[in-house]
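1. This is the structure alone, sequence omitted:
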DNA sequence: TTTATTTAGGATAAATTTGTCCGAAATAAG
DNA sequence: CTTATTTCGGACAAATTTATCCTAAATAAA
Ligand code: FES
Ligand code: FES
């Protein structure tokens, strides 16, 4: 469904959000530990999320990653997935035709579009805030 | 969403079904052309589908692939996806946790399970027969 | 029986994704 | 200013997926 990079990116962003809601910046190392992801690979992903403007990064001692608290509710799961995996999952043909086009549909078009749109809507309606809150109160988990 | 192998496999199977409904066997070469897929790679996929019992293969002149006509309605899209990509897409965690478990859920669990289950149900309810019929009457297309 | 045709299957290669390493740049603190 | 810490960014490596090549095996027909 999502790439590994995207899975790590989502988990990392949620963890950063939790810390940010407690006015704490968090280091790459801590993130990778909490999210159970390879450190250097996670660094790349966070770098790209920072460039996308979803998270903020600061170098040097006391540096690390954070998310402006006022943004946490506005950031949707959709934004993270779109930033890392791109929009292909939201607009691409289920059978890999170069273009998904209702006027020239593939055999699964009608049935696939519904699922694809539901996924998109779900991601657009899911805020980083609610995901972070669930984690913060111990309702959900980032590793097992 | 699906792997390339799965996309090719679905398209190939639908094409074979159409031909089988007209009592025709079809060669690898023809399939790859109609499906716009690499010949040798398609061969591997068809080989595995044959081993899974979804399609039948015959060697030699006049050989090729076919599907027993009485099975075309019983075969579901789910069977093809499951044979090629496995069940991970139907039971796996959206964030890649080793196990999707409602008693130890990841942050997206509740929202993800709905999408995942809808996909599964859709695939289970979609027969090869209806996909092949749509293609046969020119309503849908395997390439553009 | 010989030949032509077609799938089976193993080895290999290319492309992509995932993951590592290391020096550079920024920056906080002594 | 110096040092320690942390992210940045490029090069590189490993793993996986996608794709190719070639020979073997089966088999239909001359
Ligand atoms: S054309 Fe294939 S999903 Fe729309
Ligand atoms: S635990 Fe992640 S989807 Fe169920």
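-> Done, it's in. No experiment lies behind these values; they were computed from the predicted model shown. Ligands and ions are numbered 1, 2, ... in the order given.

2. All the helices of chain A, residue numbers only.
-> Remark: helices assigned in chain A by DSSP state H are A:4-21, A:28-35, A:39-51, A:77-85, A:88-91, A:109-125, A:128-136.

3. Go through the ones you listed and pick out the most buried.
-> helix A:4-21 (a mean of 23; mean count of other C-beta atoms under 10 Å in any protein chain shown). All C-beta spots, glycine's among them, are computed from the backbone N, C-alpha and C.

4. about what we covered before: take the helices of chain A and lay them out in JSON lines including mean pLDDT and distance to residue B:127.
-> Listed next are the helices of chain A as JSON lines, based on pLDDT from 0 to 100; distance: least, C-beta to C-beta, whole Å:
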{"stretch": "helix A:4-21", "mean pLDDT": "98", "distance to residue B:127": "32"}
{"stretch": "helix A:28-35", "mean pLDDT": "98", "distance to residue B:127": "41"}
{"stretch": "helix A:39-51", "mean pLDDT": "98", "distance to residue B:127": "40"}
{"stretch": "helix A:77-85", "mean pLDDT": "98", "distance to residue B:127": "31"}
{"stretch": "helix A:88-91", "mean pLDDT": "98", "distance to residue B:127": "26"}
{"stretch": "helix A:109-125", "mean pLDDT": "98", "distance to residue B:127": "11"}
{"stretch": "helix A:128-136", "mean pLDDT": "98", "distance to residue B:127": "37"}
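
5. looking at these, which is closest to residue B:87?
-> helix A:109-125 (17.1 Å; C-beta to C-beta).

6. Ramachandran coordinates for residue A:99?
-> phi -140, psi 130 (degrees, to the nearest 10).

7. if we can go back for a sec, would you convert the helices of chain A into a markdown table that also reports distance to residue B:114?
-> What follows is these, written out as a markdown table (distance: least, C-beta to C-beta, whole Å):
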| stretch | distance to residue B:114 |
| --- | --- |
| helix A:4-21 | 17 |
| helix A:28-35 | 24 |
| helix A:39-51 | 26 |
| helix A:77-85 | 14 |
| helix A:88-91 | 17 |
| helix A:109-125 | 7 |
| helix A:128-136 | 15 |
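
8. Tell me which of these sits nearest to ligand 1.
-> helix A:109-125 (3.6 Å; C-beta to the nearest ligand atom).

9. what packs against the closest one?
-> helix A:77-85, helix A:88-91, helix B:109-125 (3 or more C-beta pairs under 8 Å, 6 or more residues apart in numbering or on different chains; DSSP states H and E).

10. Mind listing residues that contact the shortest one?
-> Taking C-beta atoms under 8 Å, 6 or more residues apart in numbering or on different chains as the criterion, the residues outside helix A:88-91 that touch it are A:2, A:81, A:82, A:100, A:116, A:119, A:120, B:1.

11. Next: the longest one.
-> Under the contact criterion C-beta under 8 Å, 6+ apart, helix B:109-125 has outside partners A:1, A:111-112, A:114-115, A:118-119, A:122, A:126, A:140, B:76-78, B:81, B:89-90, B:93-94, B:100, B:102, B:106.

12. Kindly report the same for the first one.
-> Residues from elsewhere that reach helix A:77-85, judged by C-beta under 8 Å, 6+ apart: A:2-3, A:5-6, A:9-10, A:13, A:45, A:48-49, A:52, A:54, A:89-90, A:120, A:122-124, A:126-128, A:131, B:108.

13. What about ligand 2: which of those residues touch it?
-> Near ligand 2, judged by C-beta under 6 Å from any ligand atom, the entries from the contacts of helix A:77-85 are residue B:108.

14. coming back round to it: need the helices and strands packed on helix A:109-125 in a markdown table with distance to residue A:23, can you?
-> Converted to a markdown table, those look like this (distance: least, C-beta to C-beta, whole Å):
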| stretch | distance to residue A:23 |
| --- | --- |
| helix A:77-85 | 22 |
| helix A:88-91 | 34 |
| helix B:109-125 | 28 |
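
15. So what's the residue count around residue A:139?
-> For residue A:139, the count of nearby residues is 12 (other C-beta atoms under 10 Å in any protein chain shown).

16. ok, which residues in chain A are in contact with DNA strand D?
-> A:27-29, A:40, A:43-44, A:46-47, A:50-51, A:57-65 (C-beta under 7 Å from any atom of the strand).

17. check contacts around residue A:93.
-> Residue A:93 neighbours (C-beta under 8 Å, 6+ apart): A:99, A:100, A:106, A:109, A:112.

18. how about a cut-off of 6 Å?
-> Residue A:93 makes contact with A:100, A:106 under the criterion C-beta atoms under 6 Å, 6 or more residues apart in numbering or on different chains.
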